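Undergrad: here's a sequence, model it:
(one chain, ligands or ions: 1)
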Amino acid sequence: MSLFAARMRDVKPSATFRYDAAAKKPGVINLTIGRPGFDTPVVIKEAAKRALDEGKVHYTPSKGIPELREAIAAKLERENNIKGIDADRIVVSGGGKQILYCILMALAGNGDVVAIPNPSWVSYEAQIRLAGAEVAWLKLNPEAGFIPDDEFLTALESSKAKLLILNSPANPTGAVFPERVIKAILEICEDNGIYVISDEVYEKLIYEGRHYSPASEYENVITVNAFSKTYSMTGWRLGYCACADRAVIDKIEIVHQQSLSCCTSFAQYGALASFTKDAEDAMARMIEELRARRDYVMERLNELDNIVCEKPGGAFYVFPYIRDVDDYELADRLLSRGVAVIPGSAFGTQGRGCIRISYGGADLNMLSQAFDRMAECM
Ligand SMILES: Cc1ncc(COP(=O)(O)O)c(C=O)c1O
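TA: Residues are numbered from 1 along each chain as shown. Now for the predicted structure:
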């Protein structure tokens, strides 16, 4: 008899954490990190410190402090045009990852199918399997800039999925899906009774195009977001989900309650200050810096041979496809030359031959050195 639960059989450790650890050797330029390398805006840190000094150190309501949920509901209406969400239709979580886990535990189980793009962020597959459900991979192609095409829509239609996870701007590709594409996907979901989990954690990190939240027009959507990437708060572990259907929120809350109780009290008070002008200004400065990095990375990639890479409109990743290359072998070769990236296969079979380059944690100087080294060995 195995000591380990059967559900652990098909679940691997996070590839991004593994390569990030390998990249910590002295002299290695780390382009694996899935976070912006900026500090959290001062106004947010000050608010958290104040909350600590005021003794806000106890359990909070499981869904999160009401002030924060009210601020999130107002933000969803103001910025995302999502109506019908009040504070009771929001659950504040320990990061975007934890709320995705709660959602999947609440909605997916044995015999269910959850569709995800191929390639996708590594945790989708792992979490779906932990929930006991099956994964239906929907192919995206480098030539189309990893934007869903007709093949994707046909695969979705015949997938027998009960849930679809959408992610725009996307990890690992940086692709921003146009509104018309998201609508075409949502129409299929409506017709086929598929509920949509819209992971919008990169919504503000957009350099071209416009973010579109499907919950603004469709009912069968759970919107997921987090403070992590937008305000460089990955260590604070704060995210949330919102859904107009109270019954869905109630089930998600049960998983959240039984696993975490509630999020860190003073972190929630800090996050409340993210809805201020100071925090927005700090975020805008970060986005301009990230845009300059993205442009530089594209310039240097275009100098290399045998590469297919549409300019990604958002997040802080580029996901070039390199013809005739084994991505694991290339990632190892690059690491031996002092540049750490993540092999594309870690994100799904359509990532074969690709590497994920994150420019979130590397400034222009580091990127310049990294591309000098890459040019030598590619
Ligand atoms: C697509 C996507 N969704 C969700 C998350 C989770 O973010 P958080 O740090 O808030 O858990 C990440 C983090 O890398 C991500 O890339």
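Undergrad: isn't Tyr202 right up against Lys229?
TA: Yes. The pair Tyr202 / Lys229 is scored as a contact, 5.8 Å apart, by C-beta atoms under 8 Å. Every residue, glycine included, has its C-beta placed from N, CA and C.
Undergrad: shared neighbours, these two?
TA: In terms of C-beta atoms under 8 Å, 6 or more residues apart in numbering, Tyr202 and Lys229 are both contacted by the residues Ala315.
Undergrad: give me the nearest residue to Asp86, chain neighbours excluded.
TA: Nearest residue to Asp86, sequence neighbours excluded (C-beta to C-beta, 6 or more residues apart in numbering): Ala73, at 5.7 Å.
Undergrad: next one: phi and psi at that neighbour?
TA: phi -60, psi -40 (degrees, to the nearest 10).
Undergrad: list the residues that contact it.
TA: By C-beta under 8 Å, 6+ apart, the residues touching Ala73 are 85-87, 89-90, 242.
Undergrad: ok, and the most crowded of those?
TA: Counting neighbours by other C-beta atoms under 10 Å, Ala242 leads the contacts of Ala73 with 28 neighbours.
Undergrad: hey, what's that one bridged with?
TA: Ile90, Thr223 (DSSP bridges).
Undergrad: that one against Arg89, yeah?
TA: Yes. Ala242 is in contact with Arg89 according to C-beta under 8 Å; the separation is 5.8 Å.
Undergrad: mind listing the shared neighbours of these two?
TA: With C-beta under 8 Å, 6+ apart as the test, Ala242 and Arg89 both reach 73, 249.
Undergrad: next, format the contacts of Ala73 as CSV and append pLDDT and distance to Asp250.
TA: Output for the contacts of Ala73, formatted as CSV (pLDDT from 0 to 100; distance: C-beta to C-beta, whole Å):
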residue, pLDDT, distance to Asp250
Ile85, 97, 14
Asp86, 97, 14
Ala87, 98, 14
Arg89, 98, 10
Ile90, 98, 12
Ala242, 98, 13
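Undergrad: three-state assignment of Gly27?
TA: Assigned state for Gly27: coil (three-state reduction, DSSP: H, G, I helix; E, B strand; the rest coil).
Undergrad: got the contact list for it?
TA: Per C-beta under 8 Å, 6+ apart, neighbours of Gly27: Gly338.
Undergrad: over to Ile342?
TA: Residues counted as contacts of Ile342 (C-beta under 8 Å, 6+ apart) are 15-16, 19, 32, 172, 331, 355-356, 358.
Undergrad: specify the beta-bridge partners of it.
TA: Assigned bridge partners for Ile342, using DSSP bridges, are Arg356.
Undergrad: what about it, distance to Val318?
TA: 12 Å (C-beta to C-beta, to the nearest Å).
Undergrad: shared neighbours, these two?
TA: Arg356.
Undergrad: ok, the closest residue to the ligand within the chain - how many residues close by?
TA: Residue nearest to the ligand within the chain: Gly95 (2.8 Å; C-beta to the nearest ligand atom). A count of nearby residues for Gly95, using other C-beta under 10 Å, gives 21.
Undergrad: surely it meets Asn225?
TA: No. Contact status for Gly95 versus Asn225: not in contact, 10.7 Å apart, counting by C-beta under 8 Å.
Undergrad: what touches both of these two?
TA: Contacts common to Gly95 and Asn225, judged by C-beta under 8 Å, 6+ apart, are Gly239.
Undergrad: check Ser14 and give its pLDDT.
TA: pLDDT recorded at Ser14 is 76.
Undergrad: close to the ligand: what parts of the stretch 1-150 of the chain are there?
TA: Residues of the stretch 1-150 of the chain found near the ligand (C-beta under 6 Å from any ligand atom) are 34, 95-97, 121.
Undergrad: farthest pair in the residues you listed?
TA: Gly95 and Trp121 (12.7 Å; C-beta to C-beta).
Undergrad: alright, calling it a day.
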